[in-house]
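Engineer: The following block contains a protein sequence and its predicted model.
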Amino acid sequence: MSAREEILEQISRGVGERGPNRASEYASIPREYKVRGTSDPAARVELFLDRLHDYGATVYRCTNAEIAATITRALSLRNKQAIFVAPAFPRRNLPAGFTLLDGASASYSELDQSAGVLTTCAIAIAVTGTIVLRHSAEEGRRALTLIPDYHLCVVYENQVVETVPEGIRAMSHFGTAPLTTISGPSATADIEMTRVKGVHGPRTLDVILAAGSL
C-alpha cells in the first residue's frame with residue numbers, strides 16, 4: 001500500500017466511524033448566541049443605517065416610487081454618466097439621462113475602466129451592516145460587483161434581517177449559488193496597518209434604502 005492509499009484509508013475509516021453521529025453532534029452544539037432579532041422593523045432599519053454610516057457608505061432613503069429619481073441624484077452627485085447595470089435590474093427603476101450598459105457580457109477590462117455598477121441585493125443584515133448578493137440576474141455576475149470602483153446598490157427595507165443567523169437561514173434556499181457579502185466600501189490594511197481602499201472590491205459604496213419590497 002502506498003503512502004497516499006494509507007492516508008486515504010485512514011481518512012475513510014475516520015469518516016465512516018463518525019458519519020452516522022454527525023447529525024446528532026451538530027444538533028447538540030450549544031447555541032447560546034442570539035439567533036433571532038427582537039427589534040421592530042423600524043429599529044432594525046435604523047441599526048442597518050447606523051452600521052452603513054459607520055463603514056463610510058453613503059445612504060439615500062426613498063419610497064419605492066422614488067427609486068429612479070434617487071438613482072439619478074446619487075449618480076449626479078458622483079458625476080457618473082455611464083454605468084453598468086445588472087441584466088434584470090427592474091426597468092421601472094432605471095433613470096433617464098444616463099448611458100446604462102449591460103453588465104452581462106462586459107469584459108474584465110471594461111469593468112475595470114467603468115464608472116461603476118448598479119444592482120439590487122438578495123438580503124441585508126442589520127447588526128453587521130452587511131449586504132448579501134447571490135448574483136441573480138437582478139444583482140449581476142460576481143465580477144460585475146467586484147471589479148468596478150463604484151457600486152450603487154438598491155436595498156429594500158423588507159430585505160433587512162436583524163441577526164447573522166437569520167441571514168444564514170434566509171440564504172439557505174439559495175443552494176450552491178456563489179454569495180458575496182459587502183460590509184461597506186472595500187478596505188484592507190498591510191502588516192504596517194496602512195489602510196488602503198478598493199483592493200478587494202469597490203472603493204465607494206452608495207446604498208439606496210427603499211421603503212416597500214422588490
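Structural biologist: Yep, it's here. Please read these numbers as outputs of a predicted model, since none were measured by experiment.

Engineer: per-domain residue ranges of the protein.
Structural biologist: Each domain of the chain is listed here as a residue range: 1-30, 39-210, per automatic domain parsing.

Engineer: Considering the ones you listed, which stretch scores lowest in mean pLDDT?
Structural biologist: The stretch with the lowest mean pLDDT among the domains of the chain is domain 1-30, which comes in at a mean of 77.

Engineer: Verify the contact between residue 206 and residue 131 for me.
Structural biologist: No - with contact defined as Cβ atoms under 8 Å, residue 206 does not count as touching residue 131 (11.4 Å). The C-beta positions use only the backbone N, C-alpha and C, and glycine is treated the same way.

Engineer: neighbour count winner among these two?
Structural biologist: Taking other Cβ atoms under 10 Å, residue 206 and residue 131 do not tie; residue 131 has more neighbours (29 against 26).

Engineer: Relative to residue 26, how far out is residue 179?
Structural biologist: Residue 179 sits at a distance of 21 Å from residue 26 (criterion: Cβ to Cβ, to the nearest Å).

Engineer: Looking at those two, which one has more neighbours?
Structural biologist: Between residue 179 and residue 26, residue 179 has the larger neighbour count (other Cβ under 10 Å), namely 14 against 8.

Engineer: which residues touch the more buried one?
Structural biologist: Contacts for residue 179 were tallied using Cβ atoms under 8 Å, 6 or more residues apart in numbering; they are 122, 132-135, 171.

Engineer: Which neighbours do residue 206 and residue 131 have in common?
Structural biologist: Common contacts of residue 206 and residue 131, defined by Cβ under 8 Å, 6+ apart, comprise residue 153.

Engineer: Just the buried ones out of the contacts of residue 179, please.
Structural biologist: Under a neighbour-count criterion of 16 or more other Cβ atoms under 10 Å, the subset of the contacts of residue 179 counted as buried comprises 122, 132-135, 171.
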